[in-house]
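S.K.: Show me the folded form of this:
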Amino acid sequence: MYSSVFLITPLYLSSLGLLYFRKAIAEYNLGREEYKDSLSKSIHLFEINGQEKLIETTIESCRKFYNQEVL
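M.R.: Numbers count the residues shown, from 1 in each chain. Here you go, the predicted structure:
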């Protein structure tokens, strides 16, 4: 019998941070304060996956395009 527990493969997990980042940008453009939570989740997912370059890119993009400070 199959278990109801799903395993998250590294490929899906590595993409999840990018999805949360895009979600944060959409929420920011809609004027919703929830963007901060989504942005924080994306940074944490990048950290979990060892994607330091994406953390730097995310922080720089927030500064440059959205005039927002992260961390």
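
S.K.: Show me the shaky parts of the chain.
M.R.: With pLDDT under 70 as the threshold, the chain has low-confidence stretches at 1-11, 71.

S.K.: which parts of the helix or strand where E60 lies are buried?
M.R.: Of the helices and strands defined by DSSP states H and E, E60 is found in helix 52-66. By neighbour count, with 16 or more other C-beta atoms under 10 Å as the criterion, the buried positions of helix 52-66 are L54, I55, T58, I59, C62. For every residue, glycine as well, the C-beta is placed using N, CA and C.

S.K.: Please apply the same query to stretch 12-32.
M.R.: S14, L16, G17, Y20, F21, K23, A24, I25, E27, Y28.

S.K.: from these, which ones fall inside helices?
M.R.: Judged by DSSP state H, the subset of the buried residues of stretch 12-32 located in helices is S14, L16, G17, Y20, F21, K23, A24, I25, E27, Y28.

S.K.: Can you tell me, leaving aside adjacent residues, what's nearest to G17?
M.R.: Counting by C-beta to C-beta, 6 or more residues apart in numbering, the nearest residue to G17 once its immediate chain neighbours are dropped is L45, at 3.5 Å.

S.K.: so the one you found touches S15, yeah?
M.R.: No. Assessed by C-beta atoms under 8 Å, L45 is found out of contact with S15, at 9.3 Å.

S.K.: Could I get the contacting residues of F21?
M.R.: When contacts are counted by C-beta atoms under 8 Å, 6 or more residues apart in numbering, F21 is found next to S38, L39, S42, T58.

S.K.: Would you convert these into JSON lines that also reports secondary structure?
M.R.: Listed next are the contacts of F21 as JSON lines, based on DSSP: H, G, I helix; E, B strand; the rest coil:
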{"residue": "S38", "secondary structure": "helix"}
{"residue": "L39", "secondary structure": "helix"}
{"residue": "S42", "secondary structure": "helix"}
{"residue": "T58", "secondary structure": "helix"}
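
S.K.: Redo those as JSON lines? Include distance to Q68.
M.R.: Rendered in JSON lines, the data for the contacts of F21 read as follows (distance: C-beta to C-beta, whole Å):
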{"residue": "S38", "distance to Q68": "12"}
{"residue": "L39", "distance to Q68": "8"}
{"residue": "S42", "distance to Q68": "13"}
{"residue": "T58", "distance to Q68": "11"}
